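Colleague: generate coordinates for the sequence data below:
(chains A and B)
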Amino acid sequence: MECGTHRGRSMIHLDFIDRSNSTQTTPVVCMHCEDPACARVCPADAIKQTEDGIVHSSLRPRCIGCSNCVLACPFGVPHYIAEIDQMMKCDMCFDRTSIGKKPMCATVCPSQALYYGTAEEAARLRIETPVNEFRFGRQAVRTKVRMMSTPGAGHLDFDITNHMQSCENTLQDLATVSIWRDES
Amino acid sequence: MAAPTLNENELLERYGPHLNYEPPGGWSGDEPGASDELVKTHCCFCGVQCGIQLKVRNNKVVGFEPWEEFPVNRGMLCPKGVKRYLQNEHPDRLLAPMIRTHRGFREATWDEALDRTVQAIRRTQSQYGRDAFAMLGGASMTNEKAYLIGKFARVALRTANIDYNGRLCMVSAGAANKMAFGVDRAANPWSDIPQAKALIIAGANIGECFPILTDYVWRARDNGAKIIVIDPRMTPIARTADLFLPVRPGRDSALANGILHIMIERGWIDRNFISEHTTGFEQVVDLVKRYTPAVTESITGVPASGIVRAAEIWGPAETSMLLHARGIEHHTKGVENCLSYINLVLATGRIGKPGSGYGTITGQGNGQGGREHGQRCNQLPGGRDIENAEHRNFISEFWRIAESELPQKGLSACEIFDAIEAGDIRGLLTISFNPLVSIPDANRTRTALEKLEFYGCIDFFLSESAHHADVVLAGSLQEEDEGTVTTGEGRCVRLKQSIAPPANARVDWQILVDLAKRLGCADYFPYRITDDIFRELASASKNAPVDYSGMSYAKIEKNMGVFWPCPSFNHPGTPRLFEGGVFFHPDGRARFHGYEYRPPAEDVDSEYPIFLTTGRVVSQYLSGNQTRRIGPLVDQYPEPLCEIHPLLAARLGIADGDTVCVRTRRGEIEVPAQLVRTIRPDTVFVPYHWPGRKSANMMTNRRLDPISKIPEYKVCACNVKKAGAGKPRT
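Modeller: Residues are numbered from 1 along each chain as shown, chains lettered A, B, ... in the order given. Reported below is the predicted structural model:
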């Protein structure tokens, strides 16, 4: 982030989840998927994964700025930057981690919400459990980066219907809404 | 008449704030392997004083590297620390002394600027008396400068009226510390926080004002601690608390009394500790009798069940820490609020032990050290008392002046502005202080500045206050000078000079020494390097309450900080105070002080029915003279917003993003509304870092705590309207 290679541009995103209701913020770093969707959908083969599992930012000479990766990423990580017509994203501070340093964000993070270390260390230090399997409908995604979740959690489900009280009732409600009817 | 001679736009255009986004030479200049030097020093923003390595190339700060070996922050930084290097090589940097003309300012030589300043001092003092010339220092500067400013004012200016902007910060906590414990310092190192099993965080927006302490609090939580947060707003740290008590602004002492009431009723007090190590408990027992949960709820707006729950968490805990900050301190009963909370610590006897104790978290870069070495109107070096005959004798002898020549207690910061308004003070010299933005009731502050016959400013950027100056002396940024600061936990740490001041700017202490010479006092200020000043201030503190006499630069650096008291060179310093229940009062006992709740100086009424409270945001620091010039920090939170609960907004017909007019009896501002459910519906919040028409301190109340003279920033009465509403249509 604060180095010449990133030219002062942060490669992670920080968002308020819902500022009107909470002060909660969340950082979004690249999860470095074992089988990265961003790289698979890239028509120019501009996103490379190295042997250490790091999924790199797009290669400047190859990126055509099509934003396929932006649409494909299940975590919303890649951002297309219009001024330079290129997608850039978190590369785990490759310039730092490749020489034994921690990524800048995890080094400076004041609450250590971003923590760089092994899953075992994180599990020992925290109440929560580190999780690196995420299920989006029937698709399971495994990642190098882990999220801290409910103690004992094995995987995280990202199908919203799993979190709703009654899926059927909601669908019935929707059926009564005019937009769903064929008005012609 | 010290009124600006340029209009607002002209001042903005010439002196900023302009936004700096890139290091010198731009990003292209940063080549891997370039011969950069990394200087281990500290951040300049806030009392945590995170360790940081500034990256220096060709006498320019070009970036930073985390300093992971420094034990307090272990590399962690907040956005201010990460972006602080952008204050260097800044287009707004003052590069030479300046003198006001009928069209702004012109550059001057040092001789001319210093001579003119000294002439003004002499003229003012011969015409109106010595005390008619006042000086104001600041708590973001080094211990060396804090000491030097106090000595300069008393020995060279010979004025009683020397005070500092720490008066606006935590002096109520400092006074409470002295009354309760006999000494003014946080009782524990922050490393005790993760060992605590219960935490009370009262009026401390830790996530935004001391961000890296979030890690300490959350480590406590990971170790099983229960966390109680008390604040009118659900701040980021409040969101993750076990118990959040949304107190009505200005009611803190009542809430503490209510919690103690339950603790006594349920027997969660340490009778042995109280009888062996304290005095005054019986008076407090009587006092809190009437603060039943129902009574406390009616005063504080906190549900009775929450008050009981707080006592249930705090009372029987094995270990505990009380942390507080400006939220309970910025009140006309700031000292009473702090003492009422300290009672909760003393009643349990959980102090002076690992994981158990107390601390106010200082907000300014040297909030702790800045209040110890004599730049306060009521204090001499070593935390000595200017009204104590023994202390006066020691210091006057140490300074080689007659005791009769040592001025008596002077006016405090806000009182100095009152005295300027009244015509009793005619000349002023400030250093690193931007009173126009930071002192309450800004319209009156402006009037006072305009009334001054002479106003001299030492600063590195032209602050809004400096627009009024007759002479501006281009001083130094923190990284341009050597010295020490003392952090919020009482750890004296070493600041290293990373670069020399640019162009014709000078380090602050040399400016003061030059002024002293011109005032005929060269012999009293024979310093060649800052270490000379440090050694003098350390000797001056020998046998004082605040004892630095066993510290040296080498020792501080080697140990990554030394906690005072440190009375001899082989003494390791004192990270934790009061071990074994021994306090600093002559009898070794701590003091309970109980206070009946009394309302704030200005409470809500039918005309001004809403509470206004003020504070900081994470990306800005104090009056913003530095942080409003750093592009990425400004982008993070560009202008003040008025936080308002949707329930209140609905009643007032205000939607999110509407421009609202917030008005008090003293002034009004127009800012966008931010509708959030994280603030009490009877209260609005506006952060204070901005000047002019966006200045929260146009509205705040300059009424002072009678003991500490801290003003009441955290509560006054306002009304809020959609801007433009009620005005006649054209």
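
Colleague: where does pLDDT dip in chain B?
Modeller: Residues of chain B that meet the criterion pLDDT under 70 lie in B:1, B:28-34, B:725-730.

Colleague: B:Lys409: neighbour count?
Modeller: As a burial measure, the neighbour count of B:Lys409 was computed by other Cβ atoms under 10 Å in any protein chain shown and equals 14. Heads up, the C-betas are built off the backbone N, CA and C, glycines and all.

Colleague: quick check on it: phi, psi?
Modeller: Summarising the backbone geometry of B:Lys409 under the convention degrees, to the nearest 10, its torsions are phi -60, psi 130.

Colleague: B:Asn388 is in contact with that one, correct?
Modeller: No: proximity of B:Lys409 to B:Asn388 does not meet the contact threshold set by Cβ atoms under 8 Å, at 10.6 Å.

Colleague: ok so A:Thr143 is a strand residue?
Modeller: Yes: when the secondary structure is assigned by DSSP: H, G, I helix; E, B strand; the rest coil, A:Thr143 falls within a strand.

Colleague: ok, the residue lying closest to it once chain neighbours are set aside - contacts?
Modeller: With Cβ to Cβ, 6 or more residues apart in numbering or on different chains as the measure, A:Met31 is the residue that lies nearest to A:Thr143, at 3.9 Å, once sequence neighbours are left out. Residues in contact with A:Met31, defined by Cβ atoms under 8 Å, 6 or more residues apart in numbering or on different chains, are A:Phe75, A:Val77, A:Phe134, A:Val141, A:Thr143, A:Lys144, A:Val145.

Colleague: and the third one, that one's in a helix?
Modeller: No: with three-state DSSP as the criterion, A:Phe134 is located in strand rather than a helix.

Colleague: and it, what's its pLDDT?
Modeller: Predicted confidence (pLDDT) at A:Phe134: the value is 92.

Colleague: which parts of chain A are strands?
Modeller: With strands called from DSSP state E, chain A shows them at A:13-16, A:25-28, A:79-81, A:86-88, A:129-136, A:139-149, A:156-157.

Colleague: give me the neighbour count for the closest residue to B:Leu168 other than its chain neighbours.
Modeller: Sequence neighbours aside, B:Ser438 is the residue nearest to B:Leu168 in space, at 5.7 Å (criterion: Cβ to Cβ, 6+ apart). With neighbours defined by other Cβ under 10 Å, the count for B:Ser438 comes to 28.

Colleague: so how far is chain A from B:Ser438?
Modeller: 25 Å (Cβ to the nearest Cβ, to the nearest Å).

Colleague: and if you look at B:Lys709?
Modeller: In this view, B:Lys709 and chain A are 32 Å apart by Cβ to the nearest Cβ.

Colleague: helix or strand: which one has that residue?
Modeller: In the assignment (DSSP states H and E), B:Lys709 maps to no helix and no strand.

Colleague: surely it and B:Val171 touch.
Modeller: Yes: A contact is recorded between B:Lys709 and B:Val171 when judged using Cβ under 8 Å, the distance being 6.8 Å.

Colleague: out of the two, which sits in the busier spot?
Modeller: Neighbours of B:Lys709 and B:Val171, each counted by other Cβ under 10 Å, are more numerous for B:Val171; the result is 28 against 22.

Colleague: list the contacts of the residue lying closest to the more buried one once chain neighbours are set aside.
Modeller: Among residues not flanking B:Val171 along the chain, B:Ser708 sits closest, at 4.3 Å (Cβ to Cβ, 6+ apart). Applying Cβ under 8 Å, 6+ apart, we find B:Ser708 in contact with B:Val171, B:Ser172, B:Gly174, B:Ala175, B:Gly334, B:Val335.

Colleague: state the pair within those residues that is farthest apart.
Modeller: Distances among the contacts of B:Ser708 were taken as Cβ to Cβ; the most separated pair is B:Gly174 and B:Gly334, at 10.0 Å.

Colleague: closest one of the contacts of A:Met31 to chain B?
Modeller: Minimum separation from chain B among these (Cβ to the nearest Cβ) is found for A:Val145, which lies at 19.2 Å.

Colleague: count the residues that sit near that closest one.
Modeller: Using other Cβ under 10 Å, A:Val145 is surrounded by 18 other residues.

Colleague: in chain B, where's the longest helix?
Modeller: For chain B, the helix with the greatest residue count under DSSP state H is helix B:110-128.

Colleague: neighbouring contacts of the next helix or strand after that helix?
Modeller: Sequence-wise, the next helix or strand beyond helix B:110-128 is strand B:133-137, with elements assigned using DSSP H and E. Outside strand B:133-137, the residues that touch it by Cβ under 8 Å, 6+ apart are B:121, B:124-125, B:145-146, B:149-150, B:152-153, B:157, B:159, B:161-165, B:370, B:375, B:410-411, B:413, B:416, B:419-420, B:425-433, B:435.

Colleague: do stretch B:567-585 as well
Modeller: Counting contacts by Cβ under 8 Å, 6+ apart, the residues touching stretch B:567-585 from outside are B:181-183, B:185, B:187-189, B:191-192, B:273, B:276-277, B:349, B:351-354, B:357, B:489-491, B:542-543, B:545, B:547, B:549-552, B:555, B:559, B:562-566, B:588-591.

Colleague: ok, now stretch B:35-42?
Modeller: Applying Cβ under 8 Å, 6+ apart, the external contacts of stretch B:35-42 come out as B:49-57, B:62-63, B:65, B:67, B:70, B:479, B:485, B:493-498.

Colleague: for whichever strand or helix holds B:Val634, the distance to its chain's centre please.
Modeller: Secondary structure assignment for B:Val634, by DSSP H and E: helix B:631-636. Put simply, helix B:631-636 sits 22 Å off its chain's centre (Cα atoms, centre = their mean, to the nearest Å).

Colleague: show me what that helix is packed up against.
Modeller: helix B:79-83 (3 or more Cβ pairs under 8 Å, 6 or more residues apart in numbering or on different chains; DSSP states H and E).

Colleague: ok, B:Asn701 - contacts?
Modeller: So, once contact is read as Cβ under 8 Å, 6+ apart, B:Asn701 ends up touching B:Pro440, B:Asp441, B:Ala601, B:Glu602, B:Thr664, B:Arg666, B:Pro711, B:Glu712, B:Cys716.

Colleague: brilliant, that's me finished.
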